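>>> here's my sequence, what's the structure:
(one chain, ligands or ions: 1)
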Amino acid sequence: MEKSIFKPFLTVVVLMVIASLALAFTVDVELVNKPGVVMSLPDSIGDWVGNELRFCHNEACYSTNVLQGQYYIRDLELPDICPDCGESLSTMSWAEYDALPKDTEFVKSAFTNSAGERVFASIVLSGKERNSIHRPQRCLKGQGNSIVNEHMIEVPMEGREPLKVAVIEVERIYKTPEGSQTYYSYYAYWFVGQDRETPDHYARMFWLGWDRVVRSVAHRWAYIAVSGQREPEGREYEMEIADFIQAVYPSIIAENSSL
Ligand SMILES: [Zn+2]
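Now for the predicted structure:
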């Protein structure tokens, strides 16, 4: 008896879901040109001093140079000119530029503090095309890393609920003349839309579809990542992630963002 009451309701729900999915991928919506982030990383924040990265797209530089055409801005005499070939430098590496849609924006910087800790921070902002942002797991494996563990942390933030951040523990084996050496690192990330924030790739995909259909909004999603070294065991590095994110967050979230 109960079954017959719910059956028509269920059918309607299923049809609505199918219709929503169909609309999500066909309806043309206005692209929100106001990203939820600022596309620059601060020169310094609290105890952290930043050094932005620049990349040369001249093959002679990225294929022969030890650093693969990568330069730190504080080492450069002219901030956007390659010291080796004189061409203009980019904020993304040649491989990234080659693989991603041309309206993708990038900013990367290495931060050090007085305790000698170092973290790399990056923001990738997608353009009109949806494939600017990939699952980080795919890129990490592509770079020769093994994923040891994945979990979620909550970074306490002043005056609001904690920020949920996804963390991947990674290891990579390097061959050296003394034998193989393992480099242990972490990779922490979350995604930011105009008024959405999530550490989950699939939640981002859901909001992408939902907001297109229900609100006729297509976000320019940003992908914020923080990475650094860790001890082979333990999770003390989580303190470093929290400390850095608490410091950097106010300067990278756009003022017009409704987060
Ligand atoms: Zn060059």
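>>> where does the stretch 151-259 of the chain have low pLDDT?
For the stretch 151-259 of the chain, residues meeting the criterion pLDDT under 70 lie at 256-259.
>>> what does the chain put close to the ion?
Contact residues (CB under 5 Å from the ion) of the chain with the ion: 56, 58, 61, 82, 84, 85. Where you see a C-beta, it was placed from the backbone N, CA and C, and this is true even at glycine.
>>> make sure the last one is actually in contact with residue 59.
No. Under the criterion of CB atoms under 8 Å, residue 85 is not in contact with residue 59, lying 9.8 Å apart.
>>> which of the residues of the chain next to the ion ranks first by neighbour count?
Counting neighbours by other CB atoms under 10 Å, residue 56 comes out on top of the residues of the chain next to the ion with 26 neighbours.
>>> among the residues of the chain next to the ion, which ones are in strands?
The strands, defined by DSSP state E, take in residue 56 from these.
>>> tell me the two of the residues of the chain next to the ion that are most distant?
For the residues of the chain next to the ion, the farthest-apart pair by CB to CB is 58 and 84; their separation is 8.0 Å.
>>> for residue 225, list each beta-bridge partner.
For residue 225, the beta-bridge partners under DSSP bridges are residue 122, residue 189.
>>> next, the contact list for it, please.
Counting by CB atoms under 8 Å, 6 or more residues apart in numbering, residue 225 touches 120, 121, 122, 123, 124, 136, 187, 188, 189.
>>> of those, buried ones?
With burial judged by 16 or more other CB atoms under 10 Å, the buried subset of those is 121, 122, 123, 124, 136, 187, 188, 189.
>>> does the last one really touch residue 163, like I thought?
What it means is residue 189. No. Counting by CB under 8 Å, residue 189 does not reach residue 163; the two are 11.5 Å apart.
>>> tell me the confidence at the closest residue to residue 76 other than its chain neighbours?
Nearest non-adjacent residue to residue 76, counting by CB to CB, 6 or more residues apart in numbering: residue 83, 6.2 Å away. Per-residue confidence (pLDDT) for residue 83: 92.
>>> tell me, how many residues neighbour residue 83?
13.
>>> cool, and residue 62?
Neighbours of residue 62 using other CB under 10 Å come to 18.
>>> ok, it - contacts?
Contacts of residue 62 (CB under 8 Å, 6+ apart): 55, 56, 68, 69, 93, 94.
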